[in-house]
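Colleague: One predicted model, sequence on top.
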Amino acid sequence: MKKKRFNPITDRSSEIITFLMASPDMPDDADLRFKIELSIEEAVENVVRYAYEGGIGWLEAGTHLDDKSLILTIELRDAGKPFNPLEEADPDITLSANERPVGGLGIYLCKQMMDSITYRYEDGNNVLIMKKLVSPERA
């Protein structure tokens, strides 16, 4: 996995997103890239905004393409307060934006755009892993 640690992460969301999207692991397909980039933006913004008290902390980000070039893995790791975004209830998207409570839409979008998202808390770190099937013959 190609990784980079960003420290501090305050005001560096675009730099982190650009690093991940510039990975040679990323597909050329524009539709896939859009879905992946949107998911990365939402996940990175959550860490930058909420993981650390006062916003100062680190984020390690990386990508990996499996040996068959079928599955792209994006990993985000931080030492912020433990938070599993997958435990949050999906927002009621039948409500208008004015009626819906604030929050939760970003991770909902990630779940819709990516093929799998997993979370674990290990060694004092939040680890979010997003996977996307990127082969030309994708289902």
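Modeller: Ah, there it is.
Colleague: what's Thr10 in contact with, if anything?
Modeller: By CB atoms under 8 Å, 6 or more residues apart in numbering, Thr10 lies in contact with Val48, Gly55, Ile56. Where C-beta positions appear, they are placed from N, C-alpha and C, glycine not excepted.
Colleague: Now do the contacts for the last one.
Modeller: This points to Ile56. Contacts of Ile56 by CB under 8 Å, 6+ apart are Pro8, Ile9, Thr10.
Colleague: Quick check: the gap between the last one and Asp78.
Modeller: In this case it means Thr10. 13 Å (CB to CB, to the nearest Å).
Colleague: Give me the buried positions along the lengthiest helix in the chain.
Modeller: Secondary structure of the chain per DSSP state H: the longest helix is helix 30-46. Buried residues in helix 30-46, counted by 16 or more other CB atoms under 10 Å: Leu32, Lys35, Ile36, Glu37, Leu38, Ser39, Ile40, Glu41, Glu42, Ala43, Val44, Asn46.
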